[in-house]
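A.B. asks: after the sequence you'll find the predicted model.
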Amino acid sequence: GDSVTQTEGLVTLTEGLPVMLNCTYQSTYSPFLFWYVQHLNEAPKLLLKSFTDNKRPEHQGFHATLHKSSSSFHLQKSSAQLSDSALYYCALRSPNNNNAPRFGAGTKLSVKP
Amino acid sequence: GALVYQYPRRTICKSGTSMRMECQAVGFQATSVAWYRQSPQKTFELIALSTVNSAIKYEQNFTQEKFPISHPNLSFSSMTVLNAYLEDRGLYLCGANRASQNTLYFGAGTRLSVL
């Protein structure tokens, strides 16, 4: 079945340094990949989603590239901000619209001054 | 924009009692609604996917007998946790699928505590 792996439970960075959060997946089909961000006591919000035409999605300085060869969709940002501190979830959805996204375990990003 | 409201935000129930939670999509039509549970130390566990005019699809370890879901129209869904016990504690999230974008939009969740 479909699965998503986020190996880092916690990533701690100093403000201004680059961010990279790992996400790899397993799927029988060519899935859609998503990144959701959840700030404390808030709803998870969609940050990025993969495109079918291999464009690189970007939002709020974050970007992610879907690499089918390595089954990865790592989240990156060139310079971390204090406000980026949050939980980040990678999710996968099969092309069949009768499926709900499957989520990874999540990575807590903590940005320090 | 797409907004999803969940009610109540927090609830406490006695062990063995039941609790109903609601999910409302505002500003768009939710062709399907996915219910998740976010437990401490765990990720999002998918409970079920409900699509209007289709059978509700429950995941392994979750049943209709324990988590009955109602999805009467394209803007509203509710789920009940029957006979709640300690292991049912957590944040229950509703994700409403905006068909035109094939994307789930989440509510802030209902946090269930069981005494």
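C.D. replies: That came through fine.

A.B. asks: now stretch B:71-89, how far from the chain's geometric center?
C.D. replies: 5 Å (C-alpha atoms, centre = their mean, to the nearest Å).

A.B. asks: please save the CA atoms from it in PDB.
C.D. replies: Provided in PDB are the C-alpha atoms of stretch B:71-89 (Å, rounded to 0.1, in the frame of the first residue of the first chain):
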ATOM      1  CA  HIS B  71     -22.500  13.200   5.200                       C
ATOM      2  CA  PRO B  72     -25.900  14.500   4.100                       C
ATOM      3  CA  ASN B  73     -24.800  17.200   1.700                       C
ATOM      4  CA  LEU B  74     -21.800  18.900   0.100                       C
ATOM      5  CA  SER B  75     -21.000  21.200   3.000                       C
ATOM      6  CA  PHE B  76     -21.500  19.200   6.200                       C
ATOM      7  CA  SER B  77     -20.300  16.000   7.800                       C
ATOM      8  CA  SER B  78     -20.500  14.700  11.300                       C
ATOM      9  CA  MET B  79     -18.800  11.800  13.100                       C
ATOM     10  CA  THR B  80     -19.600  10.300  16.500                       C
ATOM     11  CA  VAL B  81     -17.200   8.500  18.700                       C
ATOM     12  CA  LEU B  82     -19.200   5.800  20.400                       C
ATOM     13  CA  ASN B  83     -18.300   4.400  23.800                       C
ATOM     14  CA  ALA B  84     -15.200   6.500  24.100                       C
ATOM     15  CA  TYR B  85     -12.200   5.200  26.100                       C
ATOM     16  CA  LEU B  86      -8.800   6.400  26.800                       C
ATOM     17  CA  GLU B  87      -7.300   5.100  23.600                       C
ATOM     18  CA  ASP B  88      -9.800   7.300  21.700                       C
ATOM     19  CA  ARG B  89      -8.200  10.500  23.000                       C
END
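
A.B. asks: any idea of the mean pLDDT in it?
C.D. replies: The pLDDT scores in stretch B:71-89 average 94.

A.B. asks: so is that stretch next to chain A?
C.D. replies: No - applying C-beta under 8 Å from any C-beta of the partner chain, one finds stretch B:71-89 separated from chain A by no less than 12.8 Å. (Glycine included, C-beta is placed from N, CA and C.)

A.B. asks: buried residues in that stretch?
C.D. replies: B:71, B:74-75, B:77-79, B:81-82, B:84, B:88-89 (16 or more other C-beta atoms under 10 Å in any protein chain shown).

A.B. asks: neighbouring contacts of that stretch?
C.D. replies: B:13, B:15-26, B:29-31, B:33, B:35, B:39-40, B:47-48, B:50-52, B:56, B:65-70, B:92, B:94, B:96, B:112-114 (C-beta atoms under 8 Å, 6 or more residues apart in numbering or on different chains).

A.B. asks: intersect those with the contacts of chain A.
C.D. replies: Within the contacts of stretch B:71-89, those near chain A by C-beta under 8 Å from any C-beta are residue B:51.

A.B. asks: centre-most residue in chain A?
C.D. replies: Residue closest to the average C-alpha location in chain A (C-alpha atoms, centre = their mean): residue A:35, at 3.4 Å.

A.B. asks: ok, that residue touching residue A:73?
C.D. replies: Yes - between residue A:35 and residue A:73 there is a contact under C-beta atoms under 8 Å: 7.5 Å.

A.B. asks: shared neighbours, the two?
C.D. replies: In contact with both residue A:35 and residue A:73: A:23, A:64, A:90, using C-beta under 8 Å, 6+ apart.
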